[in-house]
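Novice: Here is a sequence with its predicted model. Questions after.
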Amino acid sequence: MKNEFFGNEDQIRLATRGQALWSLLRDKPDYSFYGRMVSLCAPTLENAVEVVSNLARLQGATSCQYYPADNADRFCELLDQQGLNSSRYEQFRGEIEALDLGREILEKHSFPDDLTLITLASDTPSELVSDVAELSLSCGVMPVPGQTMRGNGQPGICHALVDRDHKPVATASSYLCNHPESAKAKDAFWGMLATDPAWRGHGLGKIIGAHSIVTMWEQFGARSFSTGIKADNPASMGLCTKLGVTQSDWTFIGCSDPSAFSGSITR
């Protein structure tokens, strides 16, 4: 199947270059990938700033994961000094408590009868995959390529909640993105939550987010879940907290090359 890319030209180029670079670095435990871009997940490297800078220039954008929060602003300053654009995301993280809360939510809450939860797969119609991606983009969330959304890239899932006309009204995703020999091999990137504005207020994000946590734990062996949130986004922080994914002592450092990429790095 031909791969499907979504977003503007910069976002499509980023995903294309990310896949190509990952084919060269996938055996290196210092790097991670969940379908959009190769990131550094070994922030203690002496040349971490140089590595992140090079990744940004090669792909257009990248991130440094698990960077200590108390030093994150200085790391961003060093990237900015090289003519790059940096951004800080607080890393929210959950482990067994996220699973427990997820199961509790699913026991107490269900979707409206006119909505159906599906998991995108190899045989999902291209139109539906594209519609899920467009829903994400309309909510400010950059989707991964179709191959990853279908579960054919990194181990993981993309859930979509569809109405009776098979139009998506909410989505959530989670993927194992670290090398299997990494100390964080079972740490899943989780989130990419998006809900159609017409359906907000029904708790759909919380329920579909819980589904993705429980599925990743039970079917893919994930044992922790993390996502990056800007400090000025209390709504996302509140939703994650309800799901047992809470603020940690780490950050995600986003980095982009302004000559090649514009816009948000991650959600």
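Specialist: That came through fine.
Novice: Now do the helices in the stretch 101-250 of the chain.
Specialist: 126-138, 146-149, 204-220, 234-242 (DSSP state H, counting those that start in this stretch).
Novice: tell me which residues of stretch 67-85 are tucked away?
Specialist: 67, 72, 75, 76, 79, 84, 85 (16 or more other CB atoms under 10 Å). C-beta here means a position set from N, CA and C on the backbone, and glycine is covered the same way.
Novice: mind listing what the second one touches?
Specialist: Applying CB atoms under 8 Å, 6 or more residues apart in numbering, one finds that residue 72 lies in contact with 88, 251, 253.
Novice: element containing the second one?
Specialist: When secondary structure is defined by DSSP states H and E, residue 251 falls within strand 246-256.
Novice: Okay, now the sheet partners of that strand, with direction.
Specialist: The pairing partners recorded for strand 246-256 under DSSP bridges are strand 61-68 (antiparallel), strand 85-94 (antiparallel).
Novice: What mean pLDDT does it get?
Specialist: The average pLDDT for strand 246-256 rounds to 96.
Novice: Same question for stretch 35-48.
Specialist: Stretch 35-48 comes out at a mean pLDDT of 93.
Novice: for it, how far is the first residue from the last?
Specialist: Start to finish, the residues bounding stretch 35-48 are 22 Å apart (CA to CA, to the nearest Å).
Novice: before we move on, the earlier item: which one of the buried residues of stretch 67-85 is nearest residue 258?
Specialist: Checking the buried residues of stretch 67-85 against residue 258 with CB to CB, the nearest one is residue 85 at 5.4 Å.
Novice: Any idea what that closest one is bridged to?
Specialist: residue 256.
Novice: How about the contacts made by it?
Specialist: By CB under 8 Å, 6+ apart, residue 85 lies in contact with 79, 255, 256, 257, 258.
Novice: try residue 38
Specialist: 18, 21, 22, 25, 31, 32, 55, 59, 62.
Novice: Sitting in strands, which of those residues do you find?
Specialist: 31, 32, 62 (DSSP state E).
Novice: wouldn't the last one be in contact with residue 48 here?
Specialist: What that stands for is residue 62. No: under the contact definition of CB atoms under 8 Å, residue 62 does not touch residue 48, with a separation of 11.5 Å.
Novice: quick one on the thing from earlier: filter the contacts of residue 85 down to the buried ones and hand me the ChimeraX line.
Specialist: Applying 16+ other CB under 10 Å to these leaves a buried subset, and the ChimeraX line that selects it is:
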select :79,255,256,257
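Novice: Nearest to residue 193 among the contacts of residue 85?
Specialist: residue 256 (22.4 Å).
Novice: any idea how far residue 62 is from the closest one?
Specialist: For residue 256, the distance to residue 62 equals 8 Å [CB to CB, to the nearest Å].
Novice: Counting neighbours, what do you get for residue 50?
Specialist: Per other CB atoms under 10 Å, the neighbour tally for residue 50 reads 12.
Novice: List phi and psi for it.
Specialist: Per-residue torsions, residue 50: phi -60, psi -40 (degrees, to the nearest 10).
Novice: Begin at 34, not 1, for the rest of this chat.
Specialist: All right, first residue 34 from here; so that's residue 83.
Novice: contacting residues for it?
Specialist: Applying CB under 8 Å, 6+ apart, no residues qualify as near residue 83.
Novice: Would you enumerate the residues in contact with residue 150?
Specialist: 144, 192, 193, 194, 241, 244 are the contacts of residue 150 under CB under 8 Å, 6+ apart.
Novice: To what extent is the closest residue to residue 208 other than its chain neighbours buried, counted in neighbours?
Specialist: Excluding its sequence neighbours, the residue lying closest to residue 208 (CB to CB, 6 or more residues apart in numbering) is residue 189, at 3.2 Å. Counted with other CB under 10 Å, the neighbours of residue 189 add up to 25.
Novice: quick revisit: quick one: which of residue 95 and residue 81 has more around it?
Specialist: Between residue 95 and residue 81, residue 95 has the larger neighbour count (other CB under 10 Å), namely 30 against 18.
Novice: For residue 276, see how far away the more buried one is.
Specialist: Distance from residue 95 to residue 276, counting by CB to CB: 27 Å.
Novice: repeat for residue 265
Specialist: 20 Å.
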